[in-house]
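**Q** Kindly generate the corresponding structure for this input.
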Amino acid sequence: MSNPQLLLLFLSLLLFGDLFHPSSADVGTASQYSPPYTPTACYGSDSSQFPSSNLFGAAGEGVWDNGAACGRQYLVRCISAIVPRTCVQGQTIQIRILDRAQTSTSRPAKANTTVVLSTTAFSAIANSAVPSVNIEFQQV
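**A** Numbers count the residues shown, from 1 in each chain. From the prediction side, this is the model:
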């Protein structure tokens, strides 16, 4: 390769390299559940477990990790749903895992999702009329 060709290749890589970013987020599904939220599998009936923002959730089996998920925080955003325009575009929330979806007092709107969000958390990222959405999530 000649010097001008190498220079062109190098400049192209610099220019287009910024367009592609590796992602460390996972993709899954989210549903919602409503009160009562206690007792939880993580913290029982302790009312101080709930963040003042009400942005929390229950871990599905793939996230539960034998209870190690308790207290973990995740960034969550809706990426798609069966119903068009369900997701709140550009909205990412941070939730805290407080429960196990499989054993939560209140049952999820749809079973076997990656996470089950409080009604406040779900409605922050999606239209709450749908039973579930596809999400991108990343542990903080």
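
**Q** how about low-confidence regions in the chain?
**A** In the predicted model of the chain, residues 1-23 satisfy pLDDT under 70.

**Q** All the strands of it, in order from the start?
**A** Per DSSP state E, the chain has strands spanning 26-33, 56-59, 73-80, 92-100, 115-118, 132-139. These are given in chain order.

**Q** need those strands in CSV with mean neighbour count and distance to residue 109, can you?
**A** (Glycine included, C-beta is placed from N, CA and C.) Listed next are those as CSV, based on neighbours: other C-beta atoms under 10 Å; distance: least, C-beta to C-beta, whole Å:
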stretch, mean neighbour count, distance to residue 109
strand 26-33, 20, 5
strand 56-59, 28, 12
strand 73-80, 19, 14
strand 92-100, 22, 15
strand 115-118, 28, 8
strand 132-139, 20, 7
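
**Q** Nearest to residue 39, out of those strands?
**A** Go through these one by one with C-beta to C-beta and the one that ends up closest to residue 39 is strand 92-100, at 8.8 Å.

**Q** So what angle separates the directions of the closest one and strand 132-139?
**A** With axes from the mean of the first three to the mean of the last three C-alpha atoms, to 10 degrees as the criterion, the two stretches strand 92-100 and strand 132-139 enclose an angle of 90 degrees.
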